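1. Below is the sequence, then the predicted model.
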Amino acid sequence: MNGCIFSAEIRTPLHPSWINIHPNATWIQNGLTVAGENESGNGTNQLNSPCGLYVYDDQTVYIADQLNNRIMKWKYGTTNGQVVAGGNGKGNGTNQLSSPRDVIVDTEGKWIIISDRGNKRVVRWLRQNGISGEIIIANIYCIGLTMDENGFLYVVDNVESEVRRYRIGDTEGKVVAGGNVNGNPFYQLFDPHYVFVDRNHSVYVSEFLSSRVSKWEEGAEEGIVIIGNQGIGNNLTQLYGTVGVIVDQLGTVYVTDVNNHRIMRWPTGAIQGTIIVGGNGQGKQSNQLYYPYDLSFDRYGNLYVVDFGNNRVQKFLIEQTTN
């Protein structure tokens, strides 16, 4: 049996929950650099403090290139990227961005949607030949974004400590997680960063300072801590700063353990996680990470990681398994 079982229906763009990862899947430990790694800079082969990541169905990678105030597109197999939004200096003009923190592609593949954090807004640009953006949500301290199969947009506001769900055209949204000031109790979020939504519309939120991931079922007023909450540390029951989060079809959680420089996998109900890549100390070797920030999978189950401290994106190939 292959390390990755594919859904019968694959849509474009690919949503992570449509990938079925084998529970015993493993990844080759030496990553391949698919974007950046040429020191920090603003060239088309460089990144500067990259944050969010989106992998399109054709393995094109979109990256929120934070300190270059732009969104980069890296086509599969190329050594140089292309600026597809921003890149016109830091600012609040319609053709500018300010410290973008995340990027996604909408369900129709028409728009790229950007968390324009420095401007306190969410904007969208045409995915093909966009020359300026359109504000769709204003006055929000946005970080992470995601979209469900119905086209609802979920946005993390880490100042209000909440996740809101929006229909495109709706400027108010509805709180679906948190919204009760910053804190550790189950009805609160503590420094939320990124968000994932599964097929049942349960919302998973990474909480950086509390080093945990909480799950909020649709309509719930309280969350359930599903990983972390064991204090900050580096043993297999602990995390040290969580940002990127993805959940597969079995409910297994994959999360960036930022300050431990590793990616962790947490099966449903497990009391401890396993390291799937990294965990070899902070560094820039192919088997090391340096503050991994976000993660994603392609349709084949290959793992992509934004390696923030090394200004690069690493791809870890899935290995085949027979059990």
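-> The structure has been received and is ready for your questions. Residues are numbered from 1 along each chain as shown.

2. start to end distance for stretch 303-314?
-> 8 Å (CA to CA, to the nearest Å).

3. Give me the distance from it to the chain's centre.
-> Remark: stretch 303-314 is offset 12 Å from the chain centroid, using CA atoms, centre = their mean, to the nearest Å.

4. again with stretch 208-228
-> 16 Å.

5. Name the helix or strand of the chain that has the lowest mean pLDDT.
-> strand 4-6 (a mean of 27; mean pLDDT, DSSP states H and E).

6. Could you pull up the residues touching the nearest residue to W27 once chain neighbours are set aside?
-> Distances taken as CB to CB, 6 or more residues apart in numbering place F316 nearest to W27, at 4.2 Å, with adjacent residues excluded. All C-beta spots, glycine's among them, are computed from the backbone N, C-alpha and C. Listed by CB atoms under 8 Å, 6 or more residues apart in numbering, the contact set of F316 reads 27-29, 31-32, 276-277, 302-305.

7. do the same with Q282
-> 261, 288-291, 309.

8. Read off the pLDDT value for it.
-> Each residue has a pLDDT score; the one for Q282 is 96.

9. thinking again about what came up before, can you name the residues bridging to the residue nearest to W27?
-> Applying DSSP bridges to F316 gives these bridge partners: L303.

10. distance between the ends of stretch 159-175?
-> End-to-end distance (CA to CA), stretch 159-175: 14 Å.

11. residues of it that come out buried?
-> 160-166, 173 (16 or more other CB atoms under 10 Å).

12. And stretch 41-55, by the same measure?
-> 45-55.

13. Also stretch 20-31?
-> 21-22, 25-29, 31.

14. before we move on, back to that, so of the contacts of F316, which ones are in strands?
-> Mapping the contacts of F316 onto strands (DSSP state E) picks out 32, 276-277, 303-305.

15. what's the farthest-apart pair in those?
-> The span of these, defined through CB to CB, is set by L32 and I276 at 15.6 Å.

16. which one of these two has more residues nearby?
-> I276 (18 against 13; other CB atoms under 10 Å).

17. Okay, now stretch 224-232: how far is its last residue from its first?
-> So stretch 224-232: terminal residues 18 Å apart, CA to CA.

18. Then stretch 74-82?
-> 6 Å.

19. For it, which outside residues touch it?
-> 34-35, 44-45, 58-61, 63, 72-73, 313.

20. related to what we said a few turns ago, with the buried residues of stretch 159-175 in mind, which one is nearest to T252?
-> V163 (21.0 Å).

21. For that closest one, which residues are in contact?
-> Taking CB under 8 Å, 6+ apart, one finds 154-157, 175-178, 189, 192, 195, 203, 205, 216 in contact with V163.

22. related to what we said a few turns ago, ok, the buried residues of stretch 159-175 vs A270, which is closest?
-> V163 (24.2 Å).

23. Quick check: nearest residue in space to the closest one, chain neighbours excluded?
-> Leaving out its chain neighbours, V163 is closest to A177 (CB to CB, 6+ apart), at 4.0 Å.

24. chain center to the helix or strand that neighbour falls within, what's the gap?
-> Assigning secondary structure by DSSP states H and E places A177 in strand 174-178. Centroid separation between strand 174-178 and its chain, computed with CA atoms, centre = their mean, is 19 Å.

25. Now do that strand, average pLDDT.
-> pLDDT averaged over strand 174-178 gives 95.

26. what's the next secondary structure element after it?
-> strand 192-197.

27. Against which helices or strands is the helix or strand just after that following strand packed?
-> Next in sequence after strand 192-197, counting helices and strands by DSSP H and E, comes strand 203-207. The contact analysis (3 or more CB pairs under 8 Å, 6 or more residues apart in numbering; DSSP states H and E) places strand 203-207 against strand 174-178, strand 192-197, strand 212-216, strand 242-247, strand 253-257.

28. so can I have a markdown table of these showing distance to D298?
-> Shown next, in a markdown table, are those (distance: least, CB to CB, whole Å):
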| stretch | distance to D298 |
| --- | --- |
| strand 174-178 | 27 |
| strand 192-197 | 16 |
| strand 212-216 | 22 |
| strand 242-247 | 12 |
| strand 253-257 | 14 |
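
29. so which of the ones you listed comes closest to G283?
-> Per CB to CB, nearest to G283 of the helices and strands packed on strand 203-207: strand 253-257, 15.3 Å.

30. For the stretch 151-300 of the chain, which residues score under the pLDDT cut-off?
-> 181-187 (pLDDT under 70).

31. if you set the cut-off to 90 instead, what comes out?
-> 168-171, 179-188, 229-231, 249, 269, 271 (pLDDT under 90).
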